[in-house]
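K.L.:
Could you work out the structure for the sequence below:
(chains A, B, C and D)
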Protein chains: 2
Amino acid sequence: MTSINQTLRQAGLKITLSRVKVLQTLMDAEPKRRHLTAEDVYKELVANDEPIGLGTIYRILAQFEEANLVVRHHFTSSPANFELARGRQHYHMVCEESGEIVELTDTALYEQKKREVEQLGYKLVGFNLVLYVEEGS
Amino acid sequence: MTSINQTLRQAGLKITLSRVKVLQTLMDAEPKRRHLTAEDVYKELVANDEPIGLGTIYRILAQFEEANLVVRHHFTSSPANFELARGRQHYHMVCEESGEIVELTDTALYEQKKREVEQLGYKLVGFNLVLYVEEGS
DNA sequence: ATGATTGCAAAACATTTGCATTCTA
DNA sequence: TAGAATGCAAATGTTTTGCAATCAT
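P.N.:
The predicted structure follows:
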């Protein structure tokens, strides 16, 4: 509870019931389900008798993204998946058959690309690597 | 002309006026504009007095994707960008300010990830790395 | 009290699809 | 000429938005 309020405050967001609910839902889904759609969050809340508007969820997730609380992914065209930003740099392997999403890490890679981009005169603000796979090598 | 027909035939697609037009448009856009949306292709053709249905373009691009003639990207939620598959493995740097898309290569990285994925028992069928940047390091 | 936030429904898009018509081989 | 491909418009699915009502400080 406190942690959630702190997180919101630090993000510069006013503490409202809806924002708490959405953040709570994302946190509760960890660590099993890390990449929820807006609809997932909506269904979860409605199932828990916590009515909320889907539009509100989209607005809140956009604010969370802006505040770097969550990362938005476009693994497929849509819907987008949102995951809590946990600092640790990682990337994803998406199985095109099962839809399974596996997280992998390669910190060296991130640092390397960060440097490369800087040498080109830019600042790296987002790193997105997705390996699309099928079962059976 | 011949090259286009050959390409289509090799892809196992019947040669139709619409498919030729779409492929031609993608080729003509090279090398300056490599990542066209379905709408881009549509506008280009209409501007050239080559009427075509937008739905048809979506259908054709999906077929091209299936045949590995083009790659579909989801740099942002939508619309999707399509680029001619030119064999060479590459990835993209997208400037969030200007929208500019720069292509970069790192064959070693691709090969490395391919191996890693195979060690996990999967087959790599798609590789997508996007570095989102801002101007000024 | 005041300005931010929410719910709801409508709008805005991107994309897909059904079906009658038109092409290609 | 048979089966595939197309145009068009309607349907779908996701996300955004306007506005009146509600909430947080």
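
K.L.:
Can you tell me the closest non-neighbouring residue to A:E103?
P.N.:
A:H90 (4.9 Å; Cβ to Cβ, 6 or more residues apart in numbering or on different chains). Placement of C-beta: from N, CA and C, glycine included.

K.L.:
List phi and psi for the one you found.
P.N.:
phi -150, psi 170 (degrees, to the nearest 10).

K.L.:
again with A:L23
P.N.:
phi -60, psi -40.

K.L.:
so which strand or helix has the nearest residue to it once chain neighbours are set aside?
P.N.:
Nearest residue to A:L23, sequence neighbours excluded (Cβ to Cβ, 6+ apart): A:I4, at 5.3 Å. Secondary structure from DSSP states H and E places A:I4 in helix A:2-10.

K.L.:
Quick one: mean pLDDT for that helix?
P.N.:
Averaging pLDDT along helix A:2-10 gives 91.

K.L.:
which other residues reach that helix?
P.N.:
With Cβ atoms under 8 Å, 6 or more residues apart in numbering or on different chains as the test, helix A:2-10 has contacts from A:K14, A:I15, A:R19, A:V20, A:L23, A:Q24, A:M27, A:L69.

K.L.:
Identify the farthest-apart pair in the residues you listed.
P.N.:
A:K14 and A:M27 (18.8 Å; Cβ to Cβ).

K.L.:
Neighbour count for those two, which is higher?
P.N.:
Neighbour count, other Cβ atoms under 10 Å in any protein chain shown: between A:K14 and A:M27, A:M27 has more, with 12 against 7.

K.L.:
And the strand or helix carrying that one, what's buried?
P.N.:
Assigned by DSSP H and E, A:M27 falls within helix A:17-29. Applying a neighbour-count criterion of 16 or more other Cβ atoms under 10 Å in any protein chain shown, one finds A:R19, A:V20, A:K21, A:V22, A:L23, A:Q24, A:T25, A:L26, A:A29 buried in helix A:17-29.

K.L.:
Same question for stretch A:112-122.
P.N.:
Buried, per 16+ other Cβ under 10 Å, within stretch A:112-122: A:K113, A:K114, A:V117, A:Y122.

K.L.:
Nearest spatial neighbour of the last one, chain-adjacent residues omitted?
P.N.:
For A:Y122, the nearest residue in space outside its immediate sequence neighbours is B:V133; the separation is 3.8 Å by Cβ to Cβ, 6+ apart.

K.L.:
do you know how far that neighbour is from B:S78?
P.N.:
According to Cβ to Cβ, to the nearest Å, B:V133 stands 21 Å off from B:S78.

K.L.:
Between those two, which is the more surrounded one?
P.N.:
B:V133 (27 against 12).

K.L.:
Who is the more buried one paired with across the strands?
P.N.:
A:L124, B:C95 (DSSP bridges).

K.L.:
residues in contact with it?
P.N.:
Counting by Cβ under 8 Å, 6+ apart, B:V133 touches A:V117, A:Y122, A:K123, A:L124, A:V125, A:G126, B:M93, B:V94, B:C95, B:E96.

K.L.:
If any of the residues you listed are buried, give me the ChimeraX selection for them.
P.N.:
What follows is the ChimeraX syntax selecting those of the contacts of B:V133 that are buried according to 16+ other Cβ under 10 Å:
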select /A:117,122,124 /B:93,94,95
